[in-house]
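**Student:** prediction below, plus the sequence it came from.
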Amino acid sequence: MRKAERFRRFLEYFTTHFPEPQTELHYANPYELIVAVVLSAQCTDKRVNLVMPELLRQFPTPAHLGAATAEEVYPFIRSVSYPNNKAKHLAGLGRMLTEEFGGEVPSTIEELQRLPGVGRKTANVVVSVIYNQPAMAVDTHVFRVSHRLGLVNRTSTTPLAVEKDLVRYIPETLIPKAHHWLILHGRYICVARQPKCAICPLMDFCKYYAEHFGSPSTPDSSTEPKLSPSNPDSITTSTT
Ligand code: SF4
């Protein structure tokens, strides 16, 4: 199947079934979102949502955060991954937002990437979610799912390469939504260790499915050993 056709079917499925996807991080303004996204690196959104209310009670604005030391921030985020580094980043982020950006979260990738703890992925999330710009943030879910589906080149082994492959085929207006679609699909269906292929609505055009289980619409009649979609670690032999 050609790549353009995979993209067409991917977009068709999600625009029909999940037309308005949202981030699962809780936030009320750009400041709260950027803090939440910094905390969410290698951590679950659920965990971040648990620590955010108390953190925001203590540091409700960039100025409050910027006036704090990393040691003062640490106790409120100790249960997220890498709390020492993230406490340093958040204190620095508050300071820079206050001193260089008038307490506002900037709207360009270049400015955002100057902030402590903000890499390209975080910057893309912020401009996409807050400013609805056509930026594709590539996290572990986006990377894995787009490779499995066959939306990106096998040779695209970096987040930036995957980002470029995706934005080439997805219409600009759908890029912010496609980011959420790939994340949510990776979080709940196409999970890392055992993708739930047996219940996946995308199996008809998924490259991984075709390579591991054969085509779902034209059952494989060979006697080649195949993985079972309900248990990708198992090996079964087709007898039909
Ligand atoms: S069929 Fe399996 S590998 Fe393909 S997208 Fe669905 S869960 Fe992921």
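**Tutor:** Ah, there it is. Residues are numbered from 1 along each chain as shown.

**Student:** once you drop chain neighbours, what's closest to residue 92?
**Tutor:** residue 116 (3.4 Å; Cβ to Cβ, 6 or more residues apart in numbering). Heads up, the C-betas are built off the backbone N, CA and C, glycines and all.

**Student:** assumed that neighbour was part of a helix.
**Tutor:** No: using DSSP: H, G, I helix; E, B strand; the rest coil, the assignment for residue 116 is coil, not a helix.

**Student:** that one and residue 86 touch, don't they?
**Tutor:** No: checked against Cβ atoms under 8 Å, the pair residue 116 and residue 86 is beyond contact range at 9.9 Å.

**Student:** neighbour count for those two, which is higher?
**Tutor:** Shown here are residue 116 and residue 86; by other Cβ atoms under 10 Å, residue 86 has more neighbours (26 against 16).

**Student:** which SSE is immediately downstream of the helix or strand containing that one?
**Tutor:** For residue 86, the element it lies in under DSSP states H and E is helix 83-100. Downstream of helix 83-100, the next assigned helix or strand under DSSP H and E is helix 109-112.

**Student:** centre of the chain to that following helix, how far?
**Tutor:** 19 Å (Cα atoms, centre = their mean, to the nearest Å).

**Student:** could you pull up the contacting residues of residue 143?
**Tutor:** 159, 162 (Cβ atoms under 8 Å, 6 or more residues apart in numbering).

**Student:** and if we set it to 10 Å?
**Tutor:** 152, 156-159, 161-163, 182, 186 (Cβ atoms under 10 Å, 6 or more residues apart in numbering).

**Student:** among those, which are in reach of the ligand?
**Tutor:** Residues of the contacts of residue 143 in contact with the ligand (Cβ under 6 Å from any ligand atom): none.

**Student:** list of residues touching stretch 10-19?
**Tutor:** Residues contacting stretch 10-19 (Cβ under 10 Å, 6+ apart): 21, 145-146, 149-151, 169-171, 174, 177-178, 180-182, 184-185, 201-202, 204-206.
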